[in-house]
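Student: everything below, folded, please.
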Amino acid sequence: MAQAKAGDTVRVHYEGQLSDGTIFDSSLEREPIEFILGQDTVIPGFEQAVIGMEVGESKDISIPPEEGFGDYSEDLVVNIEKTILPPDINPELGMQLEVSSEEEEETSRVFTIADIAEDSITLDGNHPLAGAEIAFKIELLEIL
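Tutor: Numbers count the residues shown, from 1 in each chain. Have a look, this model is predicted:
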(Lines give C-alpha, C1' and ligand atoms only; values in the text may rest on other atoms or scores of the structure.)
Protein backbone atom coordinates (compact mmCIF):
# COMPACT_ATOMS: atom_id res chain seq x y z
CA MET A 1 0.00 0.00 0.00
CA ALA A 2 1.22 3.52 -0.81
CA GLN A 3 2.66 5.69 1.92
CA ALA A 4 2.18 9.47 2.07
CA LYS A 5 5.26 11.36 0.88
CA ALA A 6 6.35 14.93 0.14
CA GLY A 7 4.38 16.36 -2.78
CA ASP A 8 1.28 14.23 -2.09
CA THR A 9 -2.07 15.88 -1.48
CA VAL A 10 -3.62 14.22 1.56
CA ARG A 11 -6.92 14.36 3.44
CA VAL A 12 -6.84 13.73 7.17
CA HIS A 13 -9.10 13.88 10.18
CA TYR A 14 -7.47 15.03 13.40
CA GLU A 15 -8.09 15.96 17.01
CA GLY A 16 -5.66 18.29 18.81
CA GLN A 17 -5.27 18.20 22.60
CA LEU A 18 -3.36 20.17 25.19
CA SER A 19 -1.29 18.32 27.81
CA ASP A 20 -4.26 18.46 30.24
CA GLY A 21 -6.49 16.65 27.71
CA THR A 22 -8.43 19.75 26.60
CA ILE A 23 -9.37 19.49 22.93
CA PHE A 24 -8.35 22.73 21.19
CA ASP A 25 -9.32 21.77 17.63
CA SER A 26 -10.88 18.87 15.77
CA SER A 27 -12.01 18.09 12.24
CA LEU A 28 -14.20 15.18 13.35
CA GLU A 29 -17.44 17.19 13.25
CA ARG A 30 -16.63 18.84 9.92
CA GLU A 31 -14.81 18.15 6.67
CA PRO A 32 -11.32 16.65 6.94
CA ILE A 33 -8.42 18.92 6.08
CA GLU A 34 -6.64 18.63 2.77
CA PHE A 35 -3.08 19.81 2.20
CA ILE A 36 0.04 19.11 0.17
CA LEU A 37 2.88 17.53 2.11
CA GLY A 38 6.03 19.63 1.94
CA GLN A 39 4.37 23.01 1.43
CA ASP A 40 4.46 24.10 5.10
CA THR A 41 0.71 24.65 5.31
CA VAL A 42 0.44 22.80 8.63
CA ILE A 43 2.79 22.83 11.61
CA PRO A 44 6.02 20.85 11.04
CA GLY A 45 5.39 18.12 13.62
CA PHE A 46 1.94 17.39 12.18
CA GLU A 47 3.29 17.20 8.63
CA GLN A 48 6.16 14.91 9.64
CA ALA A 49 3.70 12.59 11.38
CA VAL A 50 1.61 12.20 8.21
CA ILE A 51 4.64 11.38 6.03
CA GLY A 52 4.94 7.61 5.84
CA MET A 53 1.34 6.93 6.87
CA GLU A 54 -0.88 4.62 4.79
CA VAL A 55 -4.53 5.29 3.93
CA GLY A 56 -6.72 4.14 6.82
CA GLU A 57 -3.87 4.36 9.33
CA SER A 58 -4.34 6.30 12.57
CA LYS A 59 -1.71 7.48 15.02
CA ASP A 60 -1.31 9.48 18.20
CA ILE A 61 1.59 11.94 18.31
CA SER A 62 3.05 14.44 20.74
CA ILE A 63 4.54 17.64 19.32
CA PRO A 64 6.98 19.84 21.26
CA PRO A 65 6.67 23.65 20.88
CA GLU A 66 9.57 23.93 18.43
CA GLU A 67 7.76 21.58 15.99
CA GLY A 68 4.36 23.11 16.72
CA PHE A 69 3.52 26.75 17.28
CA GLY A 70 6.97 27.77 18.50
CA ASP A 71 8.34 28.82 21.86
CA TYR A 72 6.71 31.71 23.72
CA SER A 73 8.67 34.92 23.07
CA GLU A 74 8.55 37.90 25.40
CA ASP A 75 9.89 39.96 22.46
CA LEU A 76 6.44 39.61 20.86
CA VAL A 77 4.69 41.28 23.82
CA VAL A 78 4.53 45.05 23.43
CA ASN A 79 2.86 47.98 25.14
CA ILE A 80 1.41 50.73 23.00
CA GLU A 81 -0.37 53.97 23.74
CA LYS A 82 -4.13 53.82 23.12
CA THR A 83 -3.82 56.91 20.94
CA ILE A 84 -2.02 54.81 18.28
CA LEU A 85 -5.18 52.81 17.58
CA PRO A 86 -7.55 54.02 14.87
CA PRO A 87 -10.51 55.89 16.40
CA ASP A 88 -13.03 53.27 15.20
CA ILE A 89 -11.43 50.49 17.30
CA ASN A 90 -12.81 49.97 20.79
CA PRO A 91 -10.19 47.67 22.40
CA GLU A 92 -11.37 44.64 24.36
CA LEU A 93 -9.39 41.85 26.05
CA GLY A 94 -8.85 38.98 23.63
CA MET A 95 -9.53 41.12 20.56
CA GLN A 96 -7.16 40.39 17.70
CA LEU A 97 -5.52 43.12 15.64
CA GLU A 98 -3.53 42.68 12.45
CA VAL A 99 -0.48 44.92 12.54
CA SER A 100 1.58 45.64 9.43
CA SER A 101 5.29 46.32 9.51
CA GLU A 102 6.35 49.80 8.43
CA GLU A 103 9.60 48.43 6.97
CA GLU A 104 8.00 45.57 5.04
CA GLU A 105 4.58 46.49 3.67
CA GLU A 106 3.62 42.89 2.92
CA THR A 107 4.55 41.65 6.42
CA SER A 108 1.88 41.59 9.09
CA ARG A 109 1.31 39.80 12.37
CA VAL A 110 -1.81 39.18 14.41
CA PHE A 111 -1.63 40.49 17.97
CA THR A 112 -4.07 39.70 20.76
CA ILE A 113 -4.98 42.37 23.29
CA ALA A 114 -3.65 40.87 26.53
CA ASP A 115 -4.15 43.83 28.91
CA ILE A 116 -5.82 47.22 28.86
CA ALA A 117 -4.66 50.04 31.13
CA GLU A 118 -5.92 53.61 31.31
CA ASP A 119 -3.62 54.98 28.61
CA SER A 120 -1.99 51.88 27.12
CA ILE A 121 -2.65 48.42 25.75
CA THR A 122 -0.51 45.28 25.94
CA LEU A 123 -0.41 43.32 22.69
CA ASP A 124 0.80 39.72 22.46
CA GLY A 125 2.02 38.54 19.05
CA ASN A 126 2.57 34.94 20.13
CA HIS A 127 0.27 32.24 18.78
CA PRO A 128 -2.16 31.22 21.56
CA LEU A 129 -0.51 27.77 21.63
CA ALA A 130 3.09 29.05 21.59
CA GLY A 131 5.17 27.24 24.18
CA ALA A 132 2.68 24.39 24.54
CA GLU A 133 3.37 20.72 23.96
CA ILE A 134 0.39 19.46 22.01
CA ALA A 135 -0.91 16.05 20.98
CA PHE A 136 -2.82 14.97 17.90
CA LYS A 137 -4.82 11.94 16.90
CA ILE A 138 -4.46 11.71 13.12
CA GLU A 139 -6.24 9.46 10.62
CA LEU A 140 -5.08 9.47 6.98
CA LEU A 141 -8.24 9.20 4.89
CA GLU A 142 -6.89 9.64 1.36
CA ILE A 143 -3.84 10.29 -0.73
CA LEU A 144 -5.19 12.17 -3.74
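Student: ok, now which ones touch the residue nearest the centre of the chain?
Tutor: Centroid check for the chain by C-alpha atoms, centre = their mean gives residue 69 as the closest residue, at 5.7 Å. Under the criterion of C-beta atoms under 8 Å, 6 or more residues apart in numbering, the contact list for residue 69 reads 43, 127, 128, 129, 130, 131, 132, 134. For the C-beta atoms, the positions are set from N, CA and C on the backbone; glycine is no exception.
Student: again with residue 89
Tutor: Listed by C-beta under 8 Å, 6+ apart, the contact partners of residue 89 are residue 97.
Student: secondary structure element for it?
Tutor: Residue 89 is located outside every helix and strand, with elements delineated by DSSP states H and E.
Student: picking up where we left off before, in strands only, show me the contacts of residue 69.
Tutor: Secondary structure from DSSP state E places residue 134 of the contacts of residue 69 in strands.
Student: would a markdown table of the contacts of residue 69 with neighbour count be doable?
Tutor: Output for these, formatted as a markdown table (neighbours: other C-beta atoms under 10 Å):
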| residue | neighbour count |
| --- | --- |
| 43 | 19 |
| 127 | 17 |
| 128 | 12 |
| 129 | 19 |
| 130 | 16 |
| 131 | 15 |
| 132 | 18 |
| 134 | 22 |
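Student: which one among the contacts of residue 69 gets closest to residue 114?
Tutor: Of all these, the one sitting nearest residue 114 is residue 128; the distance, using C-beta to C-beta, is 10.7 Å.
Student: separation between the nearest residue to that closest one once chain neighbours are set aside and residue 75?
Tutor: For residue 128, the nearest residue in space outside its immediate sequence neighbours is residue 112; the separation is 7.2 Å by C-beta to C-beta, 6 or more residues apart in numbering. If you measure residue 112 against residue 75 using C-beta to C-beta, to the nearest Å, the figure is 15 Å.
Student: who has more neighbours, those two?
Tutor: Comparing residue 112 with residue 75 by neighbour count (other C-beta atoms under 10 Å), the higher total belongs to residue 112, at 17 against 7.
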